[in-house]
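A.B. asks: Here's a sequence, model it:
(2 chains)
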Amino acid sequence: MNIVVLVKQVPDSGSERGLSADDKTVDRGSANNVINEMDEYAIEEALKIQEAHGGEVTVLTVGPQQAAESIRKALSMGPDKAMHVVDDALHGSCALATSKVLAAAIGRLSPDLVISGAESTDGRVQVIPHMIAERLGIAALTGARKLVVDGATLTVERQTDEGYEVVTAATPAVVSVWDTINEPRYPSFKGIMAAKKKPVETLSLADLGIAADEVGLSGASSAVVEAGKRPPRQGGTKVTDEGDGGVKLVEFLASEKFV
Amino acid sequence: MDFTYTPEQRQLRDAVSALGRKYGHGYFVEKAKAGQHTTELWAEAGKLGYLGVNVPAEYGGGGGGITELAIVCEELAAAGCPLLLLVVSPAIAATVIARHGSAEQRTELLPGFADGSLTVAFAITEPEAGSNAHRLATVARRDGDDWLLSGRKCFISGVDQADRILVVARTTDAATGRLKPALFLVPTDAPGLTKSKLDMEIVSPENQWLLYLDDVRVPAGALIGDEDAGLPALFSGLNPERITVAAMSAGTARYALSRAADYAAKRAVWGKPIGTHQGVAHPLAHAQIQVELARLMIAKAASLYDAGSDLEAGVAANMAKYASAEAAALAVDTAIQVHGGNGMTTEYGVATLLGAVRAGRIAPVSREMILNFVAQHVLGQDKSY
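C.D. replies: Numbers count the residues shown, from 1 in each chain, chains lettered A, B, ... in the order given. Modelled structure (predicted):
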């Protein structure tokens, strides 16, 4: 089974992040850029399927030149090769345009399965996997906490607020995963050294047959109008026990989806 | 001059750091206080090839150098898990065997170092000789094809975790009749070998031991190299030891300073974080500078060693060890002070490092012996002892 894993480089969610003052795109220059956390679970899932069923795992990244470092890091976990779509015109692309580029790149690889994280920690829109499936005309199994491959049949447990749904589809398909699905491996030292020698194909928009004005800030279907700092944390909720403290506590926890 | 690590070295640093943080200082302290070992961390690091980064690739190792091993030591310590046996087994023993072991010894032992499944302790220090290899009283004498080893060793780390011990003994030179050092691999369960635990005031999952060797019989193949290989073999292990122990100290210092910096930025009394007071911030900044200077010397020493400049590396490794031990003692002391009373609690995880960083100014080579070395070999002074 040939698998494409989508890997995005994002600013480290553990440190200070912001938008550029001039064009309100994600500020990558002053950030520590890392692999989107959820994508590591996607890589792990792809590698587990490869270990069980064979085939090839390809990392696919759309991003600036500096994303090459994240690609190497992804490869150090074990995938066989990578494709990097890099083009200055991509700066500021919206989700629709990004999905167009990703779908075109996936089309060249014609995999049986595309696996991605359920969301990125910078954009957090969760729509890319759906958009890609729509563009490619294949099934989307999103938000998986479990994935079972049986021949050409995929079965996922789709995580919801209330529980999970069991959804099946035939390959080819797009599966997006949450961090509940597995425990990503650490790259071994040999994996790190081997990643240096793995092939990374670099493509431009022209290689994919996409015009520059279809993507980027100018071709974006949405625009960031205004951005502000997150408001300071508000005081907590105080539950006064008037005999029903336990119930109120559970109500609060449930409303915040802790239970 | 290039001050950047390769992308692979940076990735190794990130990967080891992530593994170390998965376990963390709480795990380390819990194991130490329960009298247990960090077996799970050691096994996982071994499986990932982090313990064998410096073992030649032909024996299943990573094919890297002491630079890589120093990164592993530093990052595990910076995650709150300073593992002393890294200095002993992969740094000293694996280097000695890779560089001076026979083909049989390399084939038999190096794959175990590569995946961390083999742990070898190192026994040089003696009650009457300290680390002076010329005054060692442990002797090895021939008995047929075998050797019989007798003597005492002290402050030997991790004997209870090791499969074998690399014992420094002395043999009689056939030509001159004088004693000269030779290295032997002794199984930890060898008849005639007994050990007794030294109670130490160090929070560590790794123990210190006294060893008694009473006519411990080992075969001819237990001798590293040949009888003349002893001194060069011994010295080949010393630079890796100093560089990795320095890296461990630097990592420990980084851990303490990061805890202290977090605390100083968050702990607010009289309306603002204590870190906004120079009386708190400056000692932290001062310690940070000392740690970074030490790290620079560690990188230089490792780079020289990996480039094959053993003599130059020797000076740098000693200076790195000195600087890093002093910086770590300062960093932990400063971190405790910044924490106030919390600094001495187990919960805040800084006083737990006190014994280890204090010992780092004494072992594996004391600051005084390094000052002697620098005075004599760099400044050209007559030997003082």
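A.B. asks: Looking at chain B, which residue is nearest chain A?
C.D. replies: At 3.8 Å from chain A, residue B:49 is the closest residue in chain B, using CB to the nearest CB. The C-beta positions use only the backbone N, C-alpha and C, and glycine is treated the same way.
A.B. asks: Tell me, how many residues neighbour the residue found closest to that residue once you drop the neighbours it is linked to in the chain?
C.D. replies: Computed as CB to CB, 6 or more residues apart in numbering or on different chains, the closest residue to residue B:49 that is not its neighbour in sequence is residue A:189, at 3.8 Å. Counted with other CB atoms under 10 Å in any protein chain shown, residues neighbouring residue A:189 total 28.
A.B. asks: So residue A:189 sits against residue B:47, correct?
C.D. replies: No: here residue A:189 does not reach residue B:47: they are 10.7 Å apart, not a contact under CB atoms under 8 Å.
A.B. asks: could you pull out the helices for the stretch 101-250 of chain B?
C.D. replies: B:103-114, B:230-266 (DSSP state H, counting those that start in this stretch).
A.B. asks: can you check the stretch 101-250 of chain A too?
C.D. replies: With DSSP H, counting those that start in this stretch as the criterion, the stretch 101-250 of chain A has helices spanning A:128-136, A:189-195, A:245-255.
A.B. asks: Let me know which of those helices is tucked in deepest.
C.D. replies: helix A:189-195 (a mean of 22; mean count of other CB atoms under 10 Å in any protein chain shown).
A.B. asks: which secondary structure elements does it contact?
C.D. replies: helix A:68-76, helix B:7-33 (3 or more CB pairs under 8 Å, 6 or more residues apart in numbering or on different chains; DSSP states H and E).
A.B. asks: next one: the next helix or strand after the shortest one to chain centre, how far?
C.D. replies: Along the chain past helix A:68-76, the next helix or strand (assigned with DSSP states H and E) turns out to be strand A:81-85. Relative to the centre of its chain, strand A:81-85 is centred 15 Å away, using CA atoms, centre = their mean, to the nearest Å.
A.B. asks: try stretch A:87-96
C.D. replies: With CA atoms, centre = their mean, you get 16 Å for stretch A:87-96.
A.B. asks: From residue A:28, how far off is the closest residue to chain B within the stretch 151-259 of chain A?
C.D. replies: Minimum separation of the stretch 151-259 of chain A from chain B (CB to the nearest CB) falls at residue A:189, amounting to 3.8 Å. Going from residue A:189 to residue A:28 by CB to CB, to the nearest Å gives 28 Å.
A.B. asks: Partner strands of the lengthiest strand in chain A and their direction?
C.D. replies: The residue-count maximum for a strand in chain A (DSSP state E) belongs to strand A:139-150. Here strand A:139-150 is paired, per DSSP bridges, with strand A:153-159 (antiparallel), strand A:173-177 (parallel).
A.B. asks: ok, residue B:184 - contacts?
C.D. replies: For residue B:184, the contacting residues are B:140, B:147, B:149, B:166-167, B:169, B:218, B:222-224, by CB atoms under 8 Å, 6 or more residues apart in numbering or on different chains.
A.B. asks: How about residue B:360?
C.D. replies: Here residue B:360 is in contact with B:245, B:248-249, B:252, B:324-325, B:328-329 (CB under 8 Å, 6+ apart).
A.B. asks: ok, the nearest residue to residue A:209 once chain neighbours are set aside - contacts?
C.D. replies: Residue nearest to residue A:209 in three dimensions, not counting chain neighbours: residue A:104, with 6.9 Å by CB to CB, 6+ apart. By CB under 8 Å, 6+ apart, the contact set of residue A:104 is A:208-210.
A.B. asks: and residue A:104, how far is that from residue A:79?
C.D. replies: Counting by CB to CB, the gap from residue A:104 to residue A:79 is 20 Å.
A.B. asks: do residue A:129 as well
C.D. replies: For residue A:129 relative to residue A:79 (CB to CB), the value is 18 Å.
A.B. asks: What of residue A:183?
C.D. replies: Separation of residue A:183 from residue A:79 (CB to CB) stands at 17 Å.
A.B. asks: So if I had to pick from these two, which one is more boxed in?
C.D. replies: Between residue A:183 and residue A:79, counting by other CB under 10 Å, residue A:79 is the more crowded of the two (25 against 10).
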